[in-house]
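Undergrad: sharing a sequence plus its predicted fold:
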Amino acid sequence: MNKPPHSKPPIKGSLLLSSPSLQDGVFDDAVILVHSLSTAGSEGLILNRPTGKTVGEFMCSDHFESLKNLPLYYGGPVAEDQLSFASFRWKKNGEVKCKPSISAEEAIDTMHKSGSLVRAYLGATSWTKGQLEEELENHVWFIAPAIPKVLEMVQDETLWKNTMQALSPFHHIISLTPENPFLN
């Protein structure tokens, strides 16, 4: 069965792009990959918050030498003091699969596999049951399919704008909204 042309992608495995109205200091211009959705709620990782630090600044063991130069990203406001690794893999159908909590050993193994990307994170993002769906209804987030191209793009503050502009002419205009329109 074909999808209608304007149907929304499923939440799990999709990208959430924050609305310009969401200016809370944490999710401003955030691009989040939702990796799990259950009856308890939803979880994801912010893709475009590099910390400017590397894993080597947090892990000192020679056993993890190959991870020391891996950039560290801010995944969200939940468990911000915990270092974790996530792997991203491109499936044959073009979708992105995220494994959000892998061991350092698995991160080392996965780093050398073609078609995979390993990221180090401090923190994560989560929503309680029904919270994300309510936020989507209130237009706090724009939802977009997660395609491999997104993971190949620069993963910094420009990711939000570039991803929004690729969605549609409407989203392109939204991406040009100034940080504070009342100052214009």
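TA: Cool, got the structure.
Undergrad: CA atoms for contacts and neighbours, from now on please.
TA: Noted.
Undergrad: after the worst-scoring helix or strand of the chain on mean pLDDT, next one along is what?
TA: Ranked by mean pLDDT, DSSP states H and E, the weakest helix or strand in the chain is helix 148-152, scoring a mean of 77. The helix or strand immediately downstream of helix 148-152 is helix 158-167, counting by DSSP states H and E.
Undergrad: buried ones in that following helix?
TA: 159, 160, 161, 163, 164, 165 (16 or more other C-alpha atoms under 10 Å).
Undergrad: output the least confident helix or strand of the chain in CSV, but only the C-alpha positions, please.
TA: Output of helix 148-152 as CSV, limited to C-alpha atoms (Å, rounded to 0.1, in the frame of the first residue of the first chain):
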residue,chain,number,x,y,z
PRO,A,148,21.4,8.8,5.7
LYS,A,149,22.2,12.2,4.1
VAL,A,150,21.4,13.8,7.4
LEU,A,151,24.1,11.9,9.2
GLU,A,152,26.6,12.9,6.5
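Undergrad: ok, and what's touching that helix?
TA: For helix 148-152, contacts defined as C-alpha atoms under 8 Å, 6 or more residues apart in numbering pick out 90, 94, 95, 96, 159, 163.
Undergrad: repeat that with 10 Å
TA: Applying C-alpha atoms under 10 Å, 6 or more residues apart in numbering, the contact partners of helix 148-152 are 15, 31, 47-48, 88-91, 94-97, 115, 117, 159-160, 162-163.
Undergrad: please apply the same query to stretch 51-66.
TA: With contact meaning C-alpha under 10 Å, 6+ apart, stretch 51-66 is reached by 67-75, 83-85, 104-105, 107-108, 111, 119-122, 156.
Undergrad: now do stretch 100-113
TA: Contacts for stretch 100-113 (C-alpha under 10 Å, 6+ apart): 34-36, 43-45, 63-67, 70, 83-89, 116-121, 124.
Undergrad: show me what counts as buried in whatever helix or strand residue 170 lives in.
TA: For residue 170, the element it lies in under DSSP H and E is helix 169-175. Neighbour counts over helix 169-175 (16+ other C-alpha under 10 Å) mark 171, 172, 175 as buried.
Undergrad: was I right about the last one contacting residue 165?
TA: Yes: look at residue 175 against residue 165 with C-alpha atoms under 10 Å: they come within range, at 6.4 Å.
Undergrad: that's all I had, so thanks and see you.
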